[in-house]
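Peer 1: I would like the atomic coordinates for the input below:
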Amino acid sequence: METRAGDPGAFAQFDLSRVDSPAFVVDAAKLRDNLRVLADIRDRSGCKVLSALKAFSMWSVAPIVGEYLDGVCTSGLWEARLASEHYDGEITTYCAAYKEADMAEILHLSDHVIFNSPRQIERFAPYILDARNRGVSFDVGLRINPMHAEGEVPRYDPCAPHSRLGFPIDQLTEEHIAQVDGLHFHTLCEQDFAPLQRTWDVVFDHLEPYFGRFKWLNLGGGHHVTRADYQRDELVEFLRDMAEDTGAQVYIEPGEAVALNAGILVGEVLDVGWNGMPVAITDVSATCHMPDVIEAPYRPAMLGERDADEGEAVRLGGPSCLAGDVIGDYVLPGEAEPGTRFAFLDQAHYSMVKTTTFNGVPLPSIWLWDSETDSLECVKRFDWETFRDRLS
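Peer 2: Reported below is the predicted structural model:
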């Protein structure tokens, strides 16, 4: 999978020695730029925009997110709690399957509770009725599977064959529609407008008989809206037309787009050897700090990476015992020797939220920088007790 991000932006002037290593550094100014783009689409189209916490849940910047967007979407009880404590606006919660012990609190915290199947709605009907009888206000939604694959990588495609995500749209009936206030579908991953249009063309045919009966339609995430070449005007017109055709309030839930190109992961070379090519061990681990490098897989862009004809490529790998803990081959901006600093671009989303302490590898610290004012703050450091206390 080839990343379509990696613009260094103001990080081209950032001194990597200002932070410890490894470290995530998020640029508040770039974050605001992204949020302004999303707010502009919201204002021009009439849609509502929610930030997907599953991608970027750095709650220390929640006040910035709250200045621009309508709220957040969450993936279960713990994210819903985080949203309730730190974020402004609406809270939409979707989970592939809810636990009974969590249901009452999720209904209490959320404005929209979206279920993965009609069977779950029926199972939790007593909880829904009880909450509403106690004056708790929320909408019930159903996630549908359009059964129209657009994803580049099957494991990231909710419409791949035999997907567990969403109720197959060809099984949708009048009875199911009567149970819900709105419908949700999410089929994209780092994609532009055309795949969304093609997906809606399929969904339209199935849902047209029910137009006028939904309070809202939620198009999920995967919209790379803040990428410079995204077709924003076409999206605005599309969202307007959808609202007019369906009579519903339309939502989108960008996650990656919120923090696109807004963060880097700083690392340091620990050792260099030779095994048919230079091989460097770094304090950044693919498996612990950037698991999508292995899962997707993809090659993250490096800040200041030189061209192949400007130097010798070095294979970078992490300090863990996993043989496959390899990030990729790079011509570093500087010499490949112990102490050399480097940074991977576009690491604010889906890296910070997926880190682990496998093998006792330390977690990166988290820093907030503002490229407009040059203010720099260490938001969080993780010590060895973080590793100890998640075990027993």
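Peer 1: Pull out the buried residues from the longest strand along the chain.
Peer 2: Ranked by number of residues, the top strand in the chain under DSSP state E is strand 263-274. Buried residues in strand 263-274, counting neighbours by 16 or more other CB atoms under 10 Å, are found at 263-270, 272. From N, CA and C alone the C-beta is placed, and that goes for glycine too.
Peer 1: quick one: the helices in this protein?
Peer 2: 28-45, 62-68, 77-86, 100-109, 118-123, 125-133, 174-178, 193-207, 232-246, 256-259, 286-289, 292-295, 384-389 (DSSP state H).
Peer 1: is it possible to export those helices to JSON lines including mean neighbour count and distance to Ser375?
Peer 2: Listed next are the helices of the chain as JSON lines, based on neighbours: other CB atoms under 10 Å; distance: least, CB to CB, whole Å:
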{"stretch": "helix 28-45", "mean neighbour count": "19", "distance to Ser375": "8"}
{"stretch": "helix 62-68", "mean neighbour count": "17", "distance to Ser375": "13"}
{"stretch": "helix 77-86", "mean neighbour count": "18", "distance to Ser375": "21"}
{"stretch": "helix 100-109", "mean neighbour count": "16", "distance to Ser375": "33"}
{"stretch": "helix 118-123", "mean neighbour count": "16", "distance to Ser375": "46"}
{"stretch": "helix 125-133", "mean neighbour count": "14", "distance to Ser375": "44"}
{"stretch": "helix 174-178", "mean neighbour count": "12", "distance to Ser375": "51"}
{"stretch": "helix 193-207", "mean neighbour count": "17", "distance to Ser375": "36"}
{"stretch": "helix 232-246", "mean neighbour count": "16", "distance to Ser375": "30"}
{"stretch": "helix 256-259", "mean neighbour count": "29", "distance to Ser375": "18"}
{"stretch": "helix 286-289", "mean neighbour count": "25", "distance to Ser375": "25"}
{"stretch": "helix 292-295", "mean neighbour count": "18", "distance to Ser375": "30"}
{"stretch": "helix 384-389", "mean neighbour count": "11", "distance to Ser375": "26"}
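Peer 1: So for Val361, which of those sits nearest?
Peer 2: helix 286-289 (4.4 Å; CB to CB).
Peer 1: CA-only coordinates of that closest one in PDB, if you can.
Peer 2: Taking Å, rounded to 0.1, in the frame of the first residue of the first chain, the C-alpha atoms of helix 286-289 are listed here in PDB:
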ATOM      1  CA  ALA A 286       7.500  -0.900  13.300                       C
ATOM      2  CA  THR A 287       5.600  -3.500  15.300                       C
ATOM      3  CA  CYS A 288       5.400  -1.400  18.500                       C
ATOM      4  CA  HIS A 289       5.100   2.100  17.100                       C
END
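Peer 1: any idea how far it is from the chain center?
Peer 2: Here helix 286-289 is found 17 Å from its chain centre; the criterion is CA atoms, centre = their mean, to the nearest Å.
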